[in-house]
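Q: Got a predicted model here, sequence first, then my questions.
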Amino acid sequence: MKKKLLLGAFLAILASASWGSMYPIAEDALLHMDPFYFALVRYIPIALVFAGALLLIEGKSAFRSEGNFGRILFFGIMGFTIYNLFIFWGQNLLGSEGVVLASVMESLSPVMAILVVWLIYRQKINLFTVMIIVGAFFGVLLVITKGDFSSLLAANRSIPLIILLISAVGWAFYTIGGSRFPDWSALRYSTLSVIYGTLASAIVIVVLSVVDVIPLPELKSVFEIKYHIIYMILVPGLLSIIVWNQAVVFLKPINTILFINVAPITTIIIRVFQGHTINVFELIGVAIVCLMIVINNVYQRIEAKKLNVAEEQDVLSPTSK
C-alpha cells in the first residue's frame with residue numbers, strides 16, 4: 001500500500017511538472033509558429049493515439065456517443081478548443097510575462113471548477129468556499145500585476161488576461177464534464193472529447209486562415225521547432241495524461257489534485273534557470289494560489305468525513321413507523 005502511495009505521488013508530480021514545463025518551451029516555439037497552429041499540431045497526434053488505444057481496448061462501439069453527442073462536443077470544445085487555443089494565445093500576447101501566468105491559470109482550474117459549478121450549475125457554496133475563490137484570485141492578481149495593481153488598466157494587457165481567464169474557465173468545464181459520463185471509462189471520455197475538440201479547433205483555424213486572420217505556418221518554421229513539438233506531444237501530452245490517470249487510481253482524485261501545484265513551481269524553476277528574474281510578488285501570488293488549493297482540499301475532506309458520519313448514523317439509527 002505504501003509503495004502504491006509513493007508511486008502515485010511520484011507519477012502525479014511527474015505529470016504536473018511536465019505541464020509546468022510546457023509554457024517556457026512554448027515561449028520559444030511561438031516565435032516561429034502561430035499559437036493556434038502550435039496547439040493544433042500538438043493535439044492531432046494525441047487524438048490519433050487515443051483513438052487507437054480506445055479501439056484496441058474497448059472496440060468500435062466505444063466511439064458511439066449514445067445520444068451524448070451534444071454534451072461530449074461541448075466539453076471537447078471547452079477542453080481542447082477554448083483551453084488549448086486560448087492558453088497559448090494569451091501567453092503569446094503577453095510575451096515573457098505570460099509564461100508564469102499561463103501556468104498559474106492552469107493550476108487555478110480546481111478553484112475555477114467550483115466557480116463554474118456555483119454560477120452555471122446552481123450548486124450552492126458556502127462563505128468559506130467563496131473566501132477560497134477570492135483568495136485564489138488575489139494570488140493571480142499578484143502574479144499579473146507584480147504588485148502594481150495600476151497595470152491592470154493598461155490597454156495592452158486587458159485582452160490577453162481575459163483570454164487566459166477564458167482558457168481557465170474552459171478547462172474547468174472540461175474537468176467537470178468527466179463526472180457527467182459515469183458509465184464511460186476515463187479513456188472513452190478523454191478520446192471522444194479530444195477528437196471532437198481537435199476537429200472543432202481545426203475548423204476554426206482553417207476558417208481564420210482562409211480569411212487571413214492567422215498565417216499558415218511555413219515548413220521551415222515547423223522544422224525549426226520540431227523538437228519542441230515532439231516534446232509537447234510526448235511529455236505534457238501523452239505521458240502526462242497516462243501517468244496522471246494512474247496516479248488518480250493510486251491516490252484518488254481528491255489527493256491527486258493537490259499535485260497540480262507542482263506545475264507553476266516547475267515553471268518558475270525553469271524560468272530561473274533560463275536567466276529570468278522572478279518578481280517577489282509573483283512568488284507570493286503563486287504561493288497564495290497553491291495554498292488556497294490545499295486549504296480547499298482539506299476542507300473538502302472534512303466535509304466528506306462529516307457526510308460519511310451522518311450517513312452511518314442514519315443507517316444505524318432505528319426508524320419509527
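A: Thanks, I have the structure now.
Q: mind checking which helix or strand the nearest residue to L93 once chain neighbours are set aside is in?
A: Leaving aside its sequence neighbours, L93 sits nearest to P160 (CB to CB, 6 or more residues apart in numbering; 3.8 Å). Where C-beta positions appear, they are placed from N, C-alpha and C, glycine not excepted. According to DSSP states H and E, P160 maps onto helix 155-177.
Q: Give the buried residues for that helix.
A: Neighbour-count burial for helix 155-177, counted by 16 or more other CB atoms under 10 Å, picks out 157, 160-161, 163-177.
Q: again with stretch 142-153
A: L142, V143, I144, T145, K146.
Q: Please apply the same query to stretch 9-27.
A: 9, 11-27.
Q: Give me the mean pLDDT for the helix or strand where N84 lies.
A: Using DSSP H and E, N84 sits within helix 84-94. Averaging pLDDT along helix 84-94 gives 94.
Q: same check, this time on stretch 278-297
A: 86.
Q: Now I166: closest residue in space that isn't a chain neighbour?
A: Of all residues not flanking I166 in the chain, F86 sits nearest, at 5.4 Å (CB to CB, 6+ apart).
Q: and R180, how many neighbours does it have?
A: Around R180 sit 13 other residues, with neighbours defined as other CB atoms under 10 Å.
Q: Would you mind confirming that it makes contact with I72?
A: No: using CB atoms under 8 Å, R180 makes no contact with I72, being 9.0 Å away.
Q: returning to that earlier point: might you report the residue contacts of the residue nearest to L93?
A: G90, L93, L94, G98 (CB atoms under 8 Å, 6 or more residues apart in numbering).
Q: Which single one of these is nearest to F80?
A: Relative to F80, the closest of the contacts of P160 is G90; by CB to CB it sits at 16.0 Å.
Q: How many residues are close by L55?
A: Neighbour number of L55 under other CB under 10 Å is 13.
Q: how about it, what does it touch?
A: A62, F63.
Q: Show the pLDDT at it.
A: 96.
Q: Backbone dihedrals for S65, both of them.
A: phi -80, psi -20 (degrees, to the nearest 10).
Q: List the residues that contact it.
A: Residues near S65 by CB under 8 Å, 6+ apart: I72, L192.
Q: measure it to L216 for me?
A: S65 is 32 Å from L216, where distance means CB to CB, to the nearest Å.
Q: swap in F10?
A: F10 is 42 Å from L216, by CB to CB.
Q: again, but for P35
A: 14 Å.
Q: relative to helix 155-177, how tilted is whichever helix or strand comes after the helix holding N84?
A: Where DSSP H and E defines the elements, the next helix or strand beyond helix 84-94 is helix 98-107. Inter-element angle recorded for helix 98-107 and helix 155-177: 30 degrees (by axes from the mean of the first three to the mean of the last three CA atoms, to 10 degrees).
Q: for helix 98-107, what is the average pLDDT?
A: For helix 98-107, mean pLDDT rounds to 87.
Q: and what of stretch 167-178?
A: 86.
Q: Now find how far off-centre it is within its chain.
A: Computed by CA atoms, centre = their mean, to the nearest Å, the chain-centroid distance of stretch 167-178 equals 7 Å.
Q: export that stretch as PDB, just CAs?
A: This file holds the C-alpha atoms of stretch 167-178, laid out as PDB (Å, rounded to 0.1, in the frame of the first residue of the first chain):
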ATOM      1  CA  SER A 167      -9.000  29.400 -21.100                       C
ATOM      2  CA  ALA A 168      -9.100  28.500 -17.400                       C
ATOM      3  CA  VAL A 169     -12.900  28.500 -17.500                       C
ATOM      4  CA  GLY A 170     -12.800  26.200 -20.500                       C
ATOM      5  CA  TRP A 171     -10.600  23.700 -18.600                       C
ATOM      6  CA  ALA A 172     -12.800  23.900 -15.600                       C
ATOM      7  CA  PHE A 173     -15.800  22.900 -17.700                       C
ATOM      8  CA  TYR A 174     -13.900  20.000 -19.200                       C
ATOM      9  CA  THR A 175     -12.900  18.800 -15.800                       C
ATOM     10  CA  ILE A 176     -16.500  18.900 -14.600                       C
ATOM     11  CA  GLY A 177     -17.500  17.100 -17.800                       C
ATOM     12  CA  GLY A 178     -15.800  13.900 -16.800                       C
END
